[in-house]
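# the amino acid sequence is not available; the structure is as follows:
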Ligand code: CP
Ligand code: NVA
């Protein structure tokens with residue numbers, strides 16, 4: 001059966017854990033020098049309407065690392081830039097490639113491509129979700145802490161695409177999640193309400209970052225202005241100033257808490273240089289794990 005990865009919502013607890021376990025195995029195998037060829041003869045098309053360093057390169061590297069190939073198309077490279085309907089793009093691309101990895105603005109673009117594509121469509125970030133990132137981040141937490149389901153995860157800052165995907169993961173995997181966001185910058189209310197309806201552990205939205213990090217095992221932040229919100233950067237910098245992850249905030253958290261940042265980081269805005277470069281911060285392991293996780297995702301979706 002054709003499976004897409006539009007958001008984490010479509011996956012069960014077992015399926016999410018299987019991605020994590022498989023990515024950890026693929027990472028171990030790479031360290032032993034194992035040569036993988038399970039996607040030999042397969043090609044993935046990357047359609048990126050927003051810029052990317054990590055997600056693009058880690059998907060490309062993952063595909064090559066499994067013996068496959070990629071075709072990268074930026075926003076201006078296709079007839080989408082001249083308003084070719086997504087349903088036509090989906091059906092045409094499906095005749096050339098074995099999967100589509102899409103980074104775009106509206107979630108509805110991914111939904112429409114998935115509706116018409118006859119190959120798997122993978123969401124590599126939209127304004128609403130960043131599901132592959134959260135899978136890599138959960139893998140990193142499991143590597144560092146041995147588990148995520150018994151932990152308390154804190155999200156500090158904007159209730160953005162990353163926060164929305166964390167909320168869906170918390171509901172499905174059953175870990176505690178506390179979000180501290182300024183008024184007016186809460187996560188998507190539909191996603192939040194849906195998650196509350198099925199969560200087995202608390203998912204809480206607070207205003208106070210100090211309250212959120214108290215007792216937290218994992219502290220997460222992200223840029224205050226996401227891609228597409230550049231014009232709001234200055235206004236947001238003022239509103240989000242009390243939400244900076246700095247040494248004072250870290251002093252309120254357990255000493256063994258780890259700090260996650262999906263990168264790119266804006267130093268001295270959402271996180272200080274001191275915290276980002278501290279031993280508690282695992283941002284560069286997260287970045288590495290994107291490649292291992294993308295291998296696990298590509299393998300699962302392209303070799304059903
Ligand atoms: N974390 C992340 O998605 O980074 P890029 O925007 O560089 O892909
Ligand atoms: N929330 C950020 C994540 C970047 C990887 C953005 O959407 O720009």
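Nice, thanks for sending it over. Since this is a predicted model, take the numbers as computed values, not measurements. Numbering: from 1, shown residues only. Ligands and ions are numbered 1, 2, ... in the order given.
# hey, let's count contacts and neighbours off CA atoms from now on
OK.
# and for the nearest residue to residue 224 once chain neighbours are set aside, the neighbour number?
If the residues on either side of it in the chain are set aside, residue 224 comes closest to residue 158, at 5.9 Å by Cα to Cα, 6 or more residues apart in numbering. Residue 158 has 27 neighbours, counted by other Cα atoms under 10 Å.
# with residue 84 instead?
So residue 84, with other Cα under 10 Å, has 11 neighbours.
# can you list the residues of this protein near ligand 1?
Within the chain, the positions adjacent to ligand 1 are 52, 53, 54, 55, 56, 262, 263 by Cα under 6 Å from any ligand atom.
# run through those residues and flag the ones next to ligand 2.
Checking those against ligand 2 (Cα under 6 Å from any ligand atom), the matches are residue 263.
# quick one, which of the residues of the chain next to ligand 1 are buried?
54, 55, 56, 262 (16 or more other Cα atoms under 10 Å).
# tell me the two of these that are most distant?
Farthest-apart pair in those is 56 and 262; separation 13.8 Å (Cα to Cα).
# what residues are up against the spatially most central residue of the chain?
Central residue of the chain (Cα atoms, centre = their mean): residue 133, 2.1 Å from the mean position. Each residue near residue 133 by Cα atoms under 8 Å, 6 or more residues apart in numbering is listed here: 162, 262, 290.
# in what helix or strand does it lie?
Using DSSP states H and E, residue 133 sits in helix 131-145.
# in that helix, what's buried?
Within helix 131-145, the residues that qualify as buried by neighbour count (16+ other Cα under 10 Å) are 131-142, 145.
# ok, residue 196 - contacts?
Residues near residue 196 by Cα under 8 Å, 6+ apart: 171, 202, 203.
# so what's the closest residue to the second one other than its chain neighbours up against?
When you say that, I think you mean residue 202. Spatial nearest neighbour of residue 202, chain neighbours left out: residue 176 (5.3 Å); criterion: Cα to Cα, 6+ apart. For residue 176, the contacting residues are 149, 150, 151, 152, 153, 170, 201, 202, 203, by Cα under 8 Å, 6+ apart.
# can you confirm the fifth one is in a strand?
Okay, so that is residue 153. Yes. Counting by DSSP: H, G, I helix; E, B strand; the rest coil, residue 153 is part of a strand.
# do I have it right that it meets residue 178?
Yes. Under the criterion of Cα atoms under 8 Å, residue 153 makes contact with residue 178 at 6.3 Å.
# higher neighbour count, the two?
Each of residue 153 and residue 178 has its neighbours counted (other Cα under 10 Å); residue 153 has more, 27 against 24.
# burial count for residue 202?
Neighbour count for residue 202, taken as other Cα under 10 Å: 16.
# what are the pairing partners of the helix or strand containing residue 46, and which direction each?
Per DSSP H and E, residue 46 falls inside strand 43-48. Paired with strand 43-48 in the same sheet, following DSSP bridges, are strand 69-74 (parallel), strand 99-103 (parallel).
# residue 200 is in contact with residue 169, isn't it?
No. Contact between residue 200 and residue 169 fails when scored by Cα under 8 Å: they sit 11.8 Å apart.
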